[in-house]
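A.B. asks: Quick one, fold the following:
(2 chains)
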Amino acid sequence: MSAPETYYVTTPIYYVNDSPHIGHAYTTLACDVLARFMRLDGRRVRFLTGTDEHGQKVEKAAGEAGLDPQTFTDRVSRRFRELLEVMDFSADDFIRTTEPRHVRAVQALWRKLVERDQIYLGKYAGWYSVRDESYYAESDLVEGRAPTGAPVEWVEEPSYFFRLSAWQEPLLEFYERHPDFVLPQSRYNEVVSFVRGGLTDLSVSRTTFRWGIPVPDDPDHVIYVWLDALTNYISALGYPDTGSELYRRFWPADLHVIGKDILRFHAVYWPAFLLAAGIEPPRRVFAHGWWTNEGQKISKSLGNVIDPRVLVETYGRDQTRYFLLREVPFGQDGDFRHEAMVRRINHDLANDYGNLAQRVLSMIARNCDGRVPEPGPLAAEDRALLDHAHALLPALREAIGVQALHRALELIWELIGAANRYVDAQAPWALRKSDPGRMRTVLWTLAETIRHVAVLTRPFVPAASDRLLDQLAVPETDRVFAALGAGGRPLLPGTALPHPRGVFPRWQQE
RNA sequence: GGCGGAGUAGCUCAGCGGUAGAGCAGCGGAAUCAUAAUCCGUAGGUCGGGGGUUCGAAUCCCUCCUCCGCUACCA
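C.D. replies: Sure thing, here's the model as predicted:
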């Protein structure tokens, strides 16, 4: 038996300057679904998230809170770790940039770059925005501020530079050879046109603050936060020990999921650093969009920040997960609206899905002695529904392969719709008297279809899916994709089923 | 200024050379197994404006308008 395929997916590490909000939850959610899907599909998965804890902003924020940076950072980092529980995220590792394993990796990468003559000592003079962690040319400034509106300060200091300019052509070749390195497509175009526009060497060290990883052999300098942060993707695999099991198995990463605001760092700087160090770049960077709140841009000053904790408490964990993934094509911006959320909960989850299960399981409970019915010969309509169910997994693989999470859900709901139509067309409640044998065949076909749906919704709405699988008495070991399809492990007639209970309650007007 | 994308039913969007589509909302009906949940029917919208190519254009070309993203520059 050959080794299972692997899958390495990451979130960005979240900056501890901020508490977790819907944006963080959204990114990690997407990764969680992908990780769960791949695990159920038999792949060996590594799902990484964590926190980015260095930099001037953190140093300042800690000072304002009257704490030393490490204490401050411990505190905020914990909140991000707690988000995993809140949203039911299945991360395999949580990395912090203040951990020794990470510091060691960053310094090793730095040394590697120096060794390969990719870093040189120069002098930096220019405008720097602490808030953006970014430099701006004089010409970028708008009324003395960064184009983002952030305040800037004049910085003049010795600095190490990374020879980014030397990587313009290699990067362009790399993009050309990997046309799906960046998704969505429009982001790929942006990246390519940015690099075509010319790259200048990148300042990669600071002497103006201390809270960071010291430059090896020159402790006056602290390593640029992005070089520091991006390295987490390999430090979590044990870099610089490239012979380690984790590293060999999982690098290069299959996917970095990010928000669109940090695309340049991931699609330009990161592959440039890696190419310069002789390390293979990741396979894909997917940049998703932003959420607005009831049509309004989300900002702290507006006070309309969405706390994932509140969403989960208000609407439910699976409901929140479903809404975020279904409401908006993954990659586009979305609008969070209470009304839309309620519609998704009641229509998609309670009515279409939950009620399908409930009506079928109730009929089985009442008319089949609470056991999986014994089907007779299958009619064409039965086969058609089962064929649809069996064909779903390959279709989902395709959608998931390009991170079309919304499309995957759409495909599943097409089967749910077909199953509801089938119930009405077959009218098993009428068959109860006219043809009980036929009724049992219909109910078995439906139960089997629901089994497929429940297994396939596990990555998206894990808890509810499992509650449904409990009701179908599907053993833990059969709740995987290998148990689906024509050669799978169908429900066994005669199996006793627990009393049916709804898995997706309707949202009640409060 | 440059590059890219978008403007299609009330809303969100798909279609991308061959007599205008989906979901949601709305309207009418059927059914009654079920969380009053389902199913069926119903969309008369100059496909942003104008011009062109074609037997035929949301669909190709030109042009204009509006919006969005990336990027550059002037000051």
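A.B. asks: which bits of the stretch 301-450 of chain A sit near RNA strand B?
C.D. replies: A:332, A:343, A:346-347, A:350-352, A:354-355, A:357-360, A:362-363, A:366, A:417, A:420-421, A:423-424, A:427-430 (Cβ under 7 Å from any atom of the strand). C-beta coordinates here come from the backbone N, C-alpha and C atoms, glycine included.
A.B. asks: buried ones in whatever helix or strand A:Thr445 lives in?
C.D. replies: Here A:Thr445 is covered by helix A:436-456, with elements defined by DSSP states H and E. Under the neighbour-count criterion of 16 or more other Cβ atoms under 10 Å, helix A:436-456 has A:438-456 buried.
A.B. asks: do stretch A:381-393 as well
C.D. replies: Neighbour counts using 16+ other Cβ under 10 Å place A:Asp382, A:Leu385, A:Leu386, A:His388, A:Ala389, A:His390, A:Leu392, A:Leu393 of stretch A:381-393 among the buried residues.
A.B. asks: Run the chain-centre distance for it.
C.D. replies: Counting by Cα atoms, centre = their mean, to the nearest Å, stretch A:381-393 is centred 29 Å from the centre of its parent chain.
A.B. asks: Give me the average confidence score over it.
C.D. replies: For stretch A:381-393, mean pLDDT rounds to 96.
A.B. asks: Stretch A:464-476 too?
C.D. replies: Stretch A:464-476 comes out at a mean pLDDT of 98.
A.B. asks: C-alpha coordinates for that stretch, PDB please?
C.D. replies: This file holds the C-alpha atoms of stretch A:464-476, laid out as PDB (Å, rounded to 0.1, in the frame of the first residue of the first chain):
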ATOM      1  CA  ALA A 464     -24.800  18.400  13.200                       C
ATOM      2  CA  SER A 465     -23.500  16.000  10.600                       C
ATOM      3  CA  ASP A 466     -22.400  13.600  13.300                       C
ATOM      4  CA  ARG A 467     -25.700  13.900  15.200                       C
ATOM      5  CA  LEU A 468     -27.400  12.900  12.000                       C
ATOM      6  CA  LEU A 469     -25.000  10.000  11.500                       C
ATOM      7  CA  ASP A 470     -25.800   8.900  15.000                       C
ATOM      8  CA  GLN A 471     -29.400   8.700  14.000                       C
ATOM      9  CA  LEU A 472     -28.500   6.500  11.100                       C
ATOM     10  CA  ALA A 473     -26.400   4.400  13.400                       C
ATOM     11  CA  VAL A 474     -23.400   4.800  11.100                       C
ATOM     12  CA  PRO A 475     -20.300   3.600  13.000                       C
ATOM     13  CA  GLU A 476     -17.500   6.100  13.600                       C
END
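A.B. asks: How about residues contacting it?
C.D. replies: The contact list for stretch A:464-476 (Cβ atoms under 8 Å, 6 or more residues apart in numbering) reads A:318, A:349, A:357, A:361, A:372, A:447, A:450-451, A:454-455, A:457-458, A:479, A:483, A:491, A:495-498, A:500-501, A:503-504.
A.B. asks: Appreciated, that's everything.
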